[in-house]
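A.B. asks: give me coordinates for this.
(2 chains)
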Protein chains: 2
Amino acid sequence: MSAPIKVPKGLYGVAVTETRIAKSDADGSLIYRGYPIADLAAHATFEEAAWLIIKGTLPTRGELDEFISSIGSRMEVSAKVYAVMRDLGRDSHPIDVLRTGISALGSVDSEPTVALQQASIEAKMSVLAANCHRVPRGSGPRGPKPAARFGANLLQMLTDREASEYEEWVFERVLMMYLEHDLNASSFTVRVVASTRADPYAAAAAGLAALKGPLHGGANEAAMDMLLEVRGPDNASAYVMSALKDGKKVMGFGHRVYKKLDPRAQLCKGYLRELLKKQGTDDSLYRLCDALENEMWERKKLPANLDFYAAPLMYSLGIEIPLYTPVFAASRVFGWMAHYDEQVAEDRLIRPDATYVGPTGLKYSPPGSG
Amino acid sequence: MSAPIKVPKGLYGVAVTETRIAKSDADGSLIYRGYPIADLAAHATFEEAAWLIIKGTLPTRGELDEFISSIGSRMEVSAKVYAVMRDLGRDSHPIDVLRTGISALGSVDSEPTVALQQASIEAKMSVLAANCHRVPRGSGPRGPKPAARFGANLLQMLTDREASEYEEWVFERVLMMYLEHDLNASSFTVRVVASTRADPYAAAAAGLAALKGPLHGGANEAAMDMLLEVRGPDNASAYVMSALKDGKKVMGFGHRVYKKLDPRAQLCKGYLRELLKKQGTDDSLYRLCDALENEMWERKKLPANLDFYAAPLMYSLGIEIPLYTPVFAASRVFGWMAHYDEQVAEDRLIRPDATYVGPTGLKYSPPGSG
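C.D. replies: I've put the predicted structure just below:
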């Protein structure tokens, strides 16, 4: 074997594969299968965007109808999976519950093909996301209304209330923002698992494992906790100054790719302003976000990222904070499945090398009293 | 951002990090923390080798005693985890059950530190491995005997019979061979998940997800199925010829790293010969393996790998075939936890880039009748 190729740690800036799914760029652009995110957000439904991500093109009317019906007909979750979630008990973390539920689904689901297994996972992830906090705490599962739109259905399961048309439209946009983001840690995890030819349930469970990490999932929840702590726009400046002085991380800022602007955050910022207006709510949450954003840009040149603006949107839509990362998963699962397919088509086991820098030539000696 | 560095697909030959844990080499050598595998296999106990892998040095007597007691005292598995495994039902795949069990453990375990969480996972993985096939089928769990040696205890739980001293010794060697193998797909999965700062339960569940893939786990089981199909040494030549003619994979041959010789396979081959002798069994299983090995080397220049010889060893020890990959996991989990620690110490999110080769500049249009 020739000498290994050395690359930067964390694979930063290393193109490990070719992709046709999405491209985020440092200049602040994001495309899904060639379409700018702003164009899709302005015009597409979530179902159209999800189909685009997994199939590569926008659907025809017939394909879209079939997709909606395929997902809708797979939303009913087996009592076995709910039993597993209930067994975990009331102190369990929602993402642990969701990961365990999807892992269990892989054991009890009986879809005959990989494509139908993926449809089943995509359908049930949203139902389990809505129920991963309540079921372990002893409440009955909130069932899906498979006839409803994907976003409206999920929002209803999450909040148990009738949302306005605009609220449903905004929630679909939030889901659209979370759909896909090239080789983020969970999607790369899914690809490594897919490269072993493991089934999509195993891959999705592994994706959820990566989402448990505070450097990947959880940031939207942490951002909301922070917004509630700061409380009003007048406190923004003092909060940022004190956080920076104490070396405390201000949640929802900075991104590995976007150095100046996260296009998803800017779209969500617009939705937040509009949503509060339509809801007839006082706009102090918007002004708080705006003030923090300005402070962080002036002091640290860090842009607000998606999580920073998705959090107050979900809050204003009445979604409980522990469900924000499950919502992320309910959408990102479509991206994961697109990566699963692309990796399987690549047909190459991901098995890197490492530079061994430890000792050599040692010889065993029995344990001494040391 | 500068232009991305392009590397071979599958990260083949790409050194993505530095490691001090293990080094496998194309020339047929494998070291754990500097010690050749043959040296450890000849002299060390499994517990010493496992400590070596996770801590970096061989233990003193005091460290070893403490390690044995720490693992032993954490073997009792919560009834909640067994309930989850039972919920999955009798048609479930053992690796799905094990992954779901470890995922559930992450939700119900209450160890206060990462190090103790790892000890808990290491201890319970062996208990769950022994029970992942029986519990979903309605049998009660076989409990651990925490006072016994790690290998003897696992062998007893797996087979429910008293093993001879030599059988226990051999089983410890099998475990030792599976302990660690640098950046194999499951260990790399564990590292990607660890890089998000997810907890070790999430990382171990993701490692098990990768092990579900037939290109990674499962090979020892497939090898044994094949050996039982070929039946006797006299059929070896005809079987290989026919398999090669039909383009069928002969299980247990070839390796991404070892091109001439897998040192673990050669050690296990010796144990197999000796084990059959000590058991007073007819040696036709050994001669079958030997004949297949010779055929495959002469015809394809592919060496037998670990799975090829670990399988008949586990078979001769009375372990049911569906438990071979769970046994792999019960040992490899120590390697996973060593990689977890090394990755966390590296403190760099694994977030690769990809070369986008899809379309650009597209503009949304509503679904047509297509």
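A.B. asks: low-confidence ranges in chain A?
C.D. replies: Counting by pLDDT under 70, chain A contains low-confidence ranges at A:1-2, A:370.
A.B. asks: and the strands in it?
C.D. replies: Remark: strands assigned in chain A by DSSP state E are A:5-6, A:14-19, A:22-25, A:29-32, A:35-36, A:353-356.
A.B. asks: and the first one, what does it pack onto?
C.D. replies: Of the remaining helices and strands, those touching strand A:5-6 by 3 or more C-beta pairs under 8 Å, 6 or more residues apart in numbering or on different chains; DSSP states H and E are strand B:14-19. Placement of C-beta: from N, CA and C, glycine included.
A.B. asks: near chain A at all, the strand it packs on?
C.D. replies: Yes. In terms of C-beta under 8 Å from any C-beta of the partner chain, part of strand B:14-19 sits within range of chain A, namely B:14, B:15, B:16, B:17, B:18, B:19.
A.B. asks: who in the stretch 101-250 of chain A is up against chain B?
C.D. replies: Near chain B, when you scan the stretch 101-250 of chain A using C-beta under 8 Å from any C-beta, you find A:103-104, A:106-108, A:136, A:182-186, A:188-189, A:192-199, A:201-203, A:205-206, A:208-217.
A.B. asks: from the residues you listed, which would you call buried?
C.D. replies: Among those, those buried by neighbour count (16 or more other C-beta atoms under 10 Å in any protein chain shown) are A:103-104, A:106-108, A:136, A:182-186, A:188-189, A:192-199, A:201-203, A:205-206, A:208-213, A:215-217.
A.B. asks: for the strands of chain A, give me TSV that also has mean neighbour count.
C.D. replies: Below are the strands of chain A laid out as TSV (neighbours: other C-beta atoms under 10 Å in any protein chain shown):
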stretch	mean neighbour count
strand A:5-6	16
strand A:14-19	21
strand A:22-25	22
strand A:29-32	22
strand A:35-36	20
strand A:353-356	20
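A.B. asks: and of the ones you listed, who's closest to residue B:143?
C.D. replies: strand A:353-356 (38.3 Å; C-beta to C-beta).
A.B. asks: partners of the closest one in the sheet?
C.D. replies: Strand pairing for strand A:353-356, using DSSP bridges, gives strand B:14-19 (parallel).
A.B. asks: number of nearby residues for the closest residue in space to residue A:276 that isn't next to it in sequence?
C.D. replies: With sequence-adjacent residues excluded and distances taken as C-beta to C-beta, 6 or more residues apart in numbering or on different chains, residue A:276 is closest to residue A:283, at 4.9 Å. As a burial measure, residue A:283 scores 14 neighbours (other C-beta atoms under 10 Å in any protein chain shown).
A.B. asks: mind listing what residue A:283 touches?
C.D. replies: With contact taken as C-beta atoms under 8 Å, 6 or more residues apart in numbering or on different chains, residue A:283 is in contact with A:273, A:276, A:277.
A.B. asks: how close does the second one sit to residue A:305?
C.D. replies: When C-beta to C-beta, to the nearest Å is the yardstick, residue A:276 and residue A:305 sit 20 Å from each other.
A.B. asks: ok, residue A:84 next?
C.D. replies: 34 Å.
A.B. asks: wait, isn't residue A:35 in contact with residue B:360?
C.D. replies: No. Counting by C-beta atoms under 8 Å, residue A:35 does not reach residue B:360; the two are 9.3 Å apart.
A.B. asks: any idea how far residue A:72 is from residue B:272?
C.D. replies: Distance from residue A:72 to residue B:272, by C-beta to C-beta: 54 Å.
A.B. asks: who has more neighbours, those two?
C.D. replies: residue B:272 (23 against 18).
A.B. asks: report the contact partners of the more buried one.
C.D. replies: So residue B:272 contacts B:285, B:286, B:289, B:309, B:312, B:313, B:316 (C-beta under 8 Å, 6+ apart).
A.B. asks: in space, what's closest to the third one - neighbours in sequence excluded?
C.D. replies: Just to be clear, that refers to residue B:289. Nearest residue to residue B:289 in three dimensions, chain neighbours excluded: residue B:312, at 5.9 Å (C-beta to C-beta, 6+ apart).
A.B. asks: I'd like the distance between that neighbour and chain A.
C.D. replies: Plainly put, residue B:312 is 24 Å away from chain A if you go by C-beta to the nearest C-beta, to the nearest Å.
A.B. asks: distance of that residue from residue B:124?
C.D. replies: From residue B:312 to residue B:124 the distance is 28 Å (C-beta to C-beta).
A.B. asks: with residue A:216 instead?
C.D. replies: For residue A:216, the distance to residue B:124 - C-beta to C-beta - is 26 Å.
A.B. asks: who has more neighbours out of residue A:276 and residue A:305?
C.D. replies: Neighbour comparison, residue A:276 and residue A:305: the larger count goes to residue A:305, with 24 against 19 (by other C-beta under 10 Å).
A.B. asks: residue A:90 contacts residue A:133, doesn't it?
C.D. replies: No. Using C-beta under 8 Å, residue A:90 is not in contact with residue A:133; the gap is 10.0 Å.
A.B. asks: how many neighbours does residue A:247 have?
C.D. replies: Neighbour count of residue A:247, defined by other C-beta under 10 Å: 6.
A.B. asks: please read the previous query as pertaining to residue A:27.
C.D. replies: Per other C-beta under 10 Å, the neighbour tally for residue A:27 reads 12.
A.B. asks: ok, residue A:122 - contacts?
C.D. replies: A:50, A:54, A:71, A:74, A:333, A:334, A:337.
A.B. asks: repeat the analysis, applying 7 Å as the threshold.
C.D. replies: A:71, A:333, A:334, A:337 (C-beta atoms under 7 Å, 6 or more residues apart in numbering or on different chains).
A.B. asks: go on, residue A:203?
C.D. replies: A:190, A:193, A:194, A:336, A:340, B:209.
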